[in-house]
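> heads up, no residue letters with this:
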């Protein structure tokens, strides 16, 4: 009879849910439905995420490429607004000022009481009226889901002792 001992290794991984795409530590879901800004926020909240808030040129390009890959005919809503103070654009979730923006020339202009942000097909931003019935697609965003597993393996005690003698524990 051979005596055995167990050896464990933790394996970590970051995964996006099925149908979501990844960039860095985030997951993104393209919602190809015509939605008002409020309805788009509700759809994203229902999947434990929020409307996308692009915080870098890399992320903005990633979202723009998602739009093109999904054959977008309209823009996508962004998780930004100036509803509290006109001209002071903030994250709709944290209410912190934007650290990145890519406004189209002449935007934001508040032309028709426009307080919510969206990305047009070229990747530049525009402001639209949140309440008037304007519709766009949505991109939902959330942080990766981390998965940790303990992988156990049985090894003969003699192999373990040899490993210890060689300095490999």
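That came through fine. Treat the numbers as computed from the prediction; the structure is a model and nothing was measured. Numbering: from 1, shown residues only.
> where exactly do the helices run in this protein?
With helices called from DSSP state H, the chain shows them at 37-46, 57-69, 157-165.
> for the chain, what spans make up the strands?
Ranges of strands within the chain are 4-15, 21-23, 26-35, 50-51, 76-81, 90-91, 116-119, 125-128, 136-143, 145-156, based on DSSP state E.
> how much space between the closest residue to residue 83 other than its chain neighbours and residue 33?
Distances taken as C-beta to C-beta, 6 or more residues apart in numbering put residue 115 closest to residue 83, at 4.5 Å, once the chain neighbours are dropped. Yep, even glycine has a C-beta here, placed from its N, CA and C like the rest. Look at residue 115 and residue 33: by C-beta to C-beta, to the nearest Å, they are 22 Å apart.
> Check residue 105 too.
Distance from residue 105 to residue 33, by C-beta to C-beta: 29 Å.
> Can you give me the separation between the residue nearest the centre of the chain and residue 101?
By C-alpha atoms, centre = their mean, the mean C-alpha position of the chain lies nearest to residue 141, the distance being 2.7 Å. Distance of residue 141 to residue 101, given as C-beta to C-beta: 17 Å.
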